[in-house]
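Student: need a structure here:
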Amino acid sequence: MERRVTALPEIVGAIDSDGFKGSLKGGAGWWFLEIDDDVPKTFGYERGEFRNSTFAYSAEADASIRLGSVWTVSGMAQGWWDSGESLQTEYRAELRFDTDHWRKGSSVAFSADYTEYNIDVYAISGLPPILPWDHDVMYRLLIGDAW
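Tutor: Prediction:
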């Protein structure tokens, strides 16, 4: 995806204890997604047909659990909808290892993000789907240090 902009004020409920953090969020507002303009042209689409701007609502849940003194597992799920139709869904999971004993404020984390897009909202009758795929997966290895 080329560009995503959201302006969705949210109501948040959260808990933060020694070993567990979690929150639930819900909101409604403006949602905009623009698909990369290079791929769809080869399928017969015009530049203005790569954008979806709509009123949407969103729900998100996230949680983080401390496992012992150095490990933390966290996850998140969020969805966006327009009139009951899914626009996009995201999931994230992370395993973090605090390396404070090696360097103060440092950590190493492995995370995975999965995003699924609803490309049907861009479909034009008689043309193939605007993209040949409808999801992204990103894996990250992060080495962090507090400056």
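Student: just for this protein, where's the confidence low?
Tutor: By pLDDT under 70, the low-scoring segments of the chain are 1, 37-40, 146-147.
Student: which SS state does the residue nearest to the spatial centre of it fall under?
Tutor: Most central in the chain under C-alpha atoms, centre = their mean is E90, positioned 4.0 Å from the mean C-alpha point. Classification of E90 by DSSP: H, G, I helix; E, B strand; the rest coil places it in strand.
Student: ok, it - contacts?
Tutor: By C-beta atoms under 8 Å, 6 or more residues apart in numbering, the contact list for E90 reads 76-79, 113-116. Quick note: C-beta positions are derived from backbone N, CA and C, even for glycine.
Student: again with L141
Tutor: L141 touches 108-110, counting by C-beta under 8 Å, 6+ apart.
Student: Look up phi and psi at it.
Tutor: phi -120, psi 120 (degrees, to the nearest 10).
Student: For it, give its distance to E94.
Tutor: 11 Å (C-beta to C-beta, to the nearest Å).
Student: didn't R96 look like it was pressed against W71?
Tutor: Yes. Contact criterion C-beta atoms under 8 Å: R96 and W71 qualify, at 7.1 Å.
Student: who has more neighbours, the two?
Tutor: Of the pair R96 and W71, R96 is the one with more neighbours under other C-beta atoms under 10 Å, namely 20 against 12.
Student: Pull up the gap between the residue nearest to S69 when sequence neighbours are not counted and G19, please.
Tutor: Nearest residue to S69 in three dimensions, chain neighbours excluded: D98, at 7.7 Å (C-beta to C-beta, 6 or more residues apart in numbering). Applying C-beta to C-beta, the value for D98 to G19 is 14 Å.
Student: between those two, which one's more packed in?
Tutor: D98 (18 against 10).
Student: Could you give the bridge partners of the more buried one?
Tutor: S107 (DSSP bridges).
Student: For it, give me its contacts.
Tutor: Per C-beta under 8 Å, 6+ apart, neighbours of D98: 69-72, 106-107.
Student: What is the nearest of the residues you listed to W31?
Tutor: Using C-beta to C-beta, T72 comes nearest to W31 of these, at 30.6 Å.
Student: Run through the bridge partners of that closest one.
Tutor: With DSSP bridges as the criterion, T72 is bridged to R66, R96.
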